[in-house]
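Trainee: Give me the fold of what follows.
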Amino acid sequence: MRIGLVIYGSLNTVTGGFIYDRRVVEYLRAQGDTVELFSLPWRSYGRCLIHNFSRDFLRDLIAAPLDALLQDELNHPSLVWLNRKLRDRTRYPIISVVHHLRSKEMRPEWQNRYYRWIEGNYLRTCDGFVFNGETTRATVEELIGPSRSFVVASPAPNVTGPRPSQDEIVRRSHSPGPLRIIFVGNLIPRKELHTLIRGLVSVPHDLWRLEVVGSPDYDGSYAKRVQRLIDERQVAHNVTMRGRLDAEELAQLLLQSHVLAVPSSYEGFGFVYLEGMGFGLPAIGSTDGAAHETITHGRDGFLVAPGRPDEVAMRIRDLSKDRERLAQMSLAALERHGLAPTWEQTGAAIRQFLLGLAR
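Mentor: This next block holds a predicted model:
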């Protein structure tokens, strides 16, 4: 097959959606398919709308000899009107790879009404969809109605490295000292690092330590806001800001941790929870979005309401004081990880779907 993929920037961008796209591209190429990337420059949301009127970009897409065109749904403002021109002048199907809808994120309702209008118009121009989970499928169908052509292909864990045995997980859970918590995610408001820290400051400081792994470069003002919070609440000795780490360094931190806590206001899938579970880490995620597709509340982690530091604090207190429960939940997390698909299975499901649509 000859497949195109529209993305912003580089396929090597370190976020969940880009990791998913990259692994799918690697799989398709390994099967002998040709994948051509069409990269658009990162812009503000409003400026991305200008891409719709780029004659050069439209010409490149029309001229490409493709059997199918994939578009990361993140690019929807750049494609909402361009796709209509494209459909009139090409024969290949347009498939949107949907990780989560921008209009489902927490923000003032008037803003989300605008985003829903743009996203809905974009999604209606597509011939089919690749969904990363059932929650994402449901949110799209809530917006535009039932999808006739789609595949649900959940992501696989992405962190590599040595994994702990069951015995090692039990010993780690009962090891003396504070509960070792790790946050993994870019420092942006949606990940709710501020909520996690506000919850932790109400827990006795000798009961916990927090490692924060993630780039501060995506939203510099938010990163500064988090640092001010740490300084004002006088917990700098409890919180270590690691920045971006390579895979080996991250794996070592995960091996040494007890709990993964990323209480995002919304996740389209949130496979960071699944990755942490591969190291026997119970996960703290949000009741909103798709975290429930990975976390079974009370068994291998906890689901807390967005913006509720008191709920985060309650769960941290429970696990820091009840190490037997921590051990049981850690083993359950490892078991949940074993049920995840491989990237080969995910890629194969998408490829089979594309073969059925290609024309």
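Trainee: Which residues outside stretch 213-232 are in contact with it?
Mentor: In this structure, residues lying in contact with stretch 213-232 by C-beta atoms under 8 Å, 6 or more residues apart in numbering are 14, 182-189, 191, 193-194, 197-198, 236, 239, 241-245, 250, 253. All C-beta atoms are positioned from the backbone trio N, CA, C, and that covers glycine.
Trainee: just how off-centre is it within its chain?
Mentor: Mean-position distance between stretch 213-232 and its chain equals 19 Å (C-alpha atoms, centre = their mean, to the nearest Å).
Trainee: Could you look up the SS state of residue 37?
Mentor: Following DSSP: H, G, I helix; E, B strand; the rest coil, residue 37 is assigned to strand.
Trainee: Could you pull up phi and psi at the residue lying closest to it once chain neighbours are set aside?
Mentor: Leaving aside its sequence neighbours, residue 37 sits nearest to residue 5 (C-beta to C-beta, 6 or more residues apart in numbering; 5.5 Å). Main-chain dihedrals, residue 5, degrees, to the nearest 10: phi -140, psi 120.
Trainee: can you pull the contacts of residue 5?
Mentor: Contact analysis of residue 5 by C-beta under 8 Å, 6+ apart lists 21, 25, 35, 36, 37, 38, 69, 70, 71, 72.
Trainee: Can you tell me how far the third one is from residue 358?
Mentor: I take that to be residue 35. Residue 35 is 13 Å from residue 358, where distance means C-beta to C-beta, to the nearest Å.
Trainee: Have a look at those two and say which one is more surrounded.
Mentor: Higher neighbour count among residue 35 and residue 358: residue 35, with 18 against 15, using other C-beta atoms under 10 Å.
Trainee: Quick check: that one touching residue 29?
Mentor: Yes: taking C-beta atoms under 8 Å as the definition, residue 35 is a contact partner of residue 29 at 5.7 Å.
Trainee: circling back to that earlier point, list only buried entries from the contacts of residue 5.
Mentor: The neighbour-count criterion (16 or more other C-beta atoms under 10 Å) marks 21, 25, 35, 38, 69, 70, 71, 72 among the contacts of residue 5 as buried.
Trainee: As JSON lines, those residues with secondary structure, distance to residue 162 and pLDDT would be great.
Mentor: What follows is the buried ones among the contacts of residue 5, written out as JSON lines (DSSP: H, G, I helix; E, B strand; the rest coil; distance: C-beta to C-beta, whole Å; pLDDT from 0 to 100):
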{"residue": "21", "secondary structure": "helix", "distance to residue 162": "27", "pLDDT": "95"}
{"residue": "25", "secondary structure": "helix", "distance to residue 162": "27", "pLDDT": "96"}
{"residue": "35", "secondary structure": "strand", "distance to residue 162": "32", "pLDDT": "97"}
{"residue": "38", "secondary structure": "strand", "distance to residue 162": "38", "pLDDT": "97"}
{"residue": "69", "secondary structure": "strand", "distance to residue 162": "40", "pLDDT": "97"}
{"residue": "70", "secondary structure": "strand", "distance to residue 162": "34", "pLDDT": "98"}
{"residue": "71", "secondary structure": "strand", "distance to residue 162": "37", "pLDDT": "98"}
{"residue": "72", "secondary structure": "strand", "distance to residue 162": "32", "pLDDT": "97"}
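Trainee: Turn the residues you listed into CSV, columns for distance to residue 107.
Mentor: Below are these laid out as CSV (distance: C-beta to C-beta, whole Å):
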residue, distance to residue 107
21, 25
25, 31
35, 34
38, 29
69, 30
70, 27
71, 23
72, 21
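Trainee: buried residues in stretch 74-90?
Mentor: Going by neighbour count (16+ other C-beta under 10 Å), the buried part of stretch 74-90 is 74, 75, 76, 77, 78, 79, 80, 81, 82, 83, 85, 86.
Trainee: Any idea how many residues pack against residue 323?
Mentor: 18.
Trainee: ok, it to residue 154 distance?
Mentor: For residue 323, the distance to residue 154 - C-beta to C-beta - is 32 Å.
Trainee: quick one: contacts for residue 81?
Mentor: By C-beta under 8 Å, 6+ apart, residue 81 lies in contact with 52, 53, 121.
Trainee: just residue 84 next, same as before
Mentor: Residue 84 sits next to residue 125 when contact means C-beta under 8 Å, 6+ apart.
Trainee: pLDDT at it, what is it?
Mentor: According to the prediction, residue 84 has pLDDT 95.
Trainee: likewise residue 221?
Mentor: Per-residue pLDDT puts residue 221 at 94.
Trainee: Name the SS class of it, please.
Mentor: At residue 221 the chain is in helix, as set by three-state DSSP.
Trainee: my read: residue 320 touches residue 207, true?
Mentor: Yes: using C-beta under 8 Å, residue 320 makes contact with residue 207 at a distance of 4.4 Å.
Trainee: Who does residue 304 form a beta bridge with?
Mentor: Note on residue 304: beta-bridge partners residue 286, judged by DSSP bridges.
Trainee: For it, the count of nearby residues, please.
Mentor: Using other C-beta under 10 Å, the number of residues around residue 304 comes to 27.
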